[in-house]
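Chemist: How does the following fold in three dimensions:
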Amino acid sequence: MSTDAPDVVAPGRHVWEFARTGGVDQVLLRHGQDIARIGELDRKLWVALACPVQGLEFDSRTLALIDTNDDVRIRPPELIAACEWVCRELRDPQLLIAGGDTLSADDIAEASALQAECRRILRIVGKDEGAALTLDDVTGRSELLASLRFNGDGVITPATAQDEAISAVIDDIIRTQDGVMDRSGTKGIQRAQAEAFFAQAHALMDWQAKAVSDDATMPLGEATLAAAAALDAVEAKVDDFFARCNVAAFDPQAVPALNPAAAAYDVLAGSAIDTHSPALAALPLAPVAPGRTLPMAGRVNPAWADALAKLRERAVAPLLGTALEAIDEGQWALLRERLAACRRWLASRPPTRLGNAADTPPERLQAWLAAEAAVLDLLARDEAEEAHNKRLVDLERLLRFKRDLYRLLRNFVSFEDFYARRGAIFQAGRLYLDGRSCDLVVRVADAKKHAMLAGLAKTCLAYCECTRGKDKMTIVAAFTAGDTDFLFVGRNGVFYDREGRDWDATITQMIENPTSVAQAFVAPYKKFIRLVEEQVAKRAAASEATAQASLSSVATTVATADKAVPPATAGQPAASPKLPGRIDVGTVAALGVAMGSISAVLVAMFTKFVDLGPWIPIALVGMVVAISGPSMLIAWIKLRQRSLGPILDASGWAINGRMKVSVRLGGSLSRMAKLPHGAKRVLKDPYADRSSGWLVGLGVLLVVGAATVWAWRSGWQEAHLPQPAQPAINAPAVGAPALTPNR
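Modeler: So this is what the prediction gives:
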């Protein structure tokens, strides 16, 4: 059987197209069926498996509609569900490839409920049913809903009722049950709050019905409630007064202690007396004495005078039959007994949030319950609009998916937009710095954390802090072309975001990596020159310091020469100032020997080099390879490993492939400054450094000399000289046979 036969695609299986880009096979999405059947594509062939919702150059509302679990990340199941849903709702999935944020009712599948909703919205915004619905129409409809009487959010406000009595009841529900905000921004109520309010009203109504059916509970009718309230207000103080009087009757010596001491009045007299002050209210109702009655007026505590007057008016007079000036302990007990049933009934009042008995009289409860049906009907009418609101959200989702979903797939399932240089959703903008522009720029939340992983990208990265007024953000830019000699922390540039706004950018951190093999070729020589310059600078600084110290010493000696010289010690001559010494003959000889040795080594090296003869060019190439070869090899390896994956992984992506950044792609991501085509220089730089032509001449002379020596050593020069200029051939020795040409 032949093995060259083409593969047969099983019926019903989708045929995918791929392109090899960035070192991996990436799917090409060209047809609506590619999107409809994206769930059939092997996840191992997806470029990304997750991406963050924040920090992308993409519509945040669309991402929020795809992120159904609200974890601020997009994963394949959510993206597949979005593709399958939008393809079911559209008449033809090919509309996703066309894009755009407009949609007609005929573009929606006939089986979808959104088709009728689309026509309904078109009528509301004043368009013909055959016209195209735009995203602005849908979002504008959301604002219009907020101003409608019934907007479908399940919340009604006092203005919804359009009736003063019903509005007043809704106000009471808001006051007692804590209202919620309506879509219009006004406080209102939901069904749960209304039902709780009316349930509490019904409970109070049933509680009040028990008192009406029992005459013993309300001996004074509705006035019994006021009498019980007056009794409750002074009960504790009256009990305290009669208890003090009983103690005084038991032992008259306790009377002074049971009445307020003089010090208590001293405290009151020290400032303006307020009849409602706590210090005055704490005193007994009246002076304590054995067997004394409680006066209802007259010599009573001013803080309790009003409460006692109400007790006399509302309870004592109606229940005891006369307006007594004072009552004894027995009358007080009788008064409490006649109000006991009412007080027990009041204590059994069901707990509600509607206030006390005075706040909820029967007529008010009846008014509330009379409005119950109307309030619940308003809530039902508003809730009936909720179905339209849900379909309105689905219409917004459909329009946004039609506009944005295909682009998201080109930046998630594949990186087509990035490799086609159309601007990927993770590219934040363009950075201009050091005479070049960088297009591979990504937003970063934490530069230090990002750099720990991004360093594996084998790419030269510069982290920059960008500021624009009070706004700040951090980016990382990949330098993929040109040299990196002048990239350092503190260097300033300008960053342009995708909206064209300019930001001040300052390098705060660098990750150094080679940008090209050519840069790696000259890198060792640049490093050698820098090392030489540093060593020369150090030696010069050290010599300058030594010279300055010597000059300072000499200047000090000269300045103090006129001062008295200390007398010589016994047996020793007087000390004389030490002058700078001269270089002795031994030092000169040592320097001469050293220079001779160095010269001998250099001459020996040059002689060995000249002795190579025709191998001199190969030796030169070998020296260059020995110096630059390791650096170029390392750069070549790193450039082959240069990848986009770690940069995005550190930003919260889950990249499935290596996503190589080749040298050619890197050259397009970082562009060097070039003069425009056809531009001319009309002025020579007047401030250019002096010509170093003598160095070039010296170099050419050395090359010509080396070439001449090589030609002489190899005999190449003699072979190419004219015949008269060639040296004569020595004659044969005596006795040697003469050479004759063969005939």
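Chemist: Does Val413 touch Leu28 like I think?
Modeler: No: Val413 lies out of contact with Leu28 (C-beta atoms under 8 Å); the separation is 10.1 Å. C-beta: built from backbone N, CA, C; applies to glycine.
Chemist: Show me which of these two is the more surrounded one.
Modeler: The residue with more neighbours, out of Val413 and Leu28, is Val413; 25 against 14, by other C-beta atoms under 10 Å.
Chemist: Which phi and psi values does Pro93 adopt?
Modeler: Main-chain dihedrals, Pro93, degrees, to the nearest 10: phi -60, psi -20.
Chemist: what's the answer for Ile507, then?
Modeler: The phi/psi pair for Ile507 (degrees, to the nearest 10) reads phi -70, psi 130.
Chemist: list the contacts for it?
Modeler: Going by C-beta atoms under 8 Å, 6 or more residues apart in numbering, Ile507 touches Leu433, Ala462, Tyr463, Cys464, Leu487, Phe488, Val489, Gly490, Arg491, Asn492, Gly493.
Chemist: Just the ones of the residues you listed in strands?
Modeler: Leu433, Ala462, Tyr463, Cys464, Asn492, Gly493 (DSSP state E).
Chemist: closest to Ala289 among those?
Modeler: Tyr463 (90.8 Å; C-beta to C-beta).
Chemist: hang on, the earlier thing: farthest-apart pair in the contacts of Ile507, please.
Modeler: Farthest pair in the contacts of Ile507 (C-beta to C-beta) is Tyr463 and Asn492. Separation: 13.8 Å.
Chemist: and those two? which has more neighbours close in?
Modeler: For the pair Tyr463 and Asn492, the greater number of neighbours falls to Tyr463 (21 against 10), based on other C-beta under 10 Å.
Chemist: Touching, that one and Ala478? I think so.
Modeler: No: with contact defined as C-beta under 8 Å, Tyr463 does not count as touching Ala478 (11.0 Å).
Chemist: Skipping adjacent residues, who's closest to Ala211 in space?
Modeler: Distance criterion C-beta to C-beta, 6 or more residues apart in numbering; nearest residue to Ala211, sequence neighbours excluded, is Thr217 at 4.7 Å.
Chemist: Can you give me the pLDDT of that neighbour?
Modeler: For Thr217, the pLDDT comes out at 78.
Chemist: same question, Ala420
Modeler: What the model reports for Ala420 is a pLDDT of 90.
Chemist: Next: the one 10 residues further on.
Modeler: Taken from the predicted model, the pLDDT recorded for Arg430 is 95.
Chemist: just how off-centre is the helix or strand encompassing it within its chain?
Modeler: In the assignment (DSSP states H and E), Arg430 maps to strand 429-433. Centre-to-centre, strand 429-433 and its host chain are 21 Å apart (C-alpha atoms, centre = their mean, to the nearest Å).
Chemist: Sheet-wise, list the partners of that strand with their directions.
Modeler: Sheet partners assigned to strand 429-433 using DSSP bridges are listed as strand 436-438 (antiparallel), strand 492-497 (antiparallel).
Chemist: And that strand, what's buried?
Modeler: Using 16 or more other C-beta atoms under 10 Å as the test for burial, strand 429-433 gives Gly429, Arg430, Leu431, Leu433.
Chemist: what does stretch 163-179 give?
Modeler: Applying 16+ other C-beta under 10 Å to stretch 163-179 flags Ile166, Ser167, Val169, Ile170, Asp171, Asp172, Ile173, Ile174, Thr176, Gln177, Gly179 as buried.
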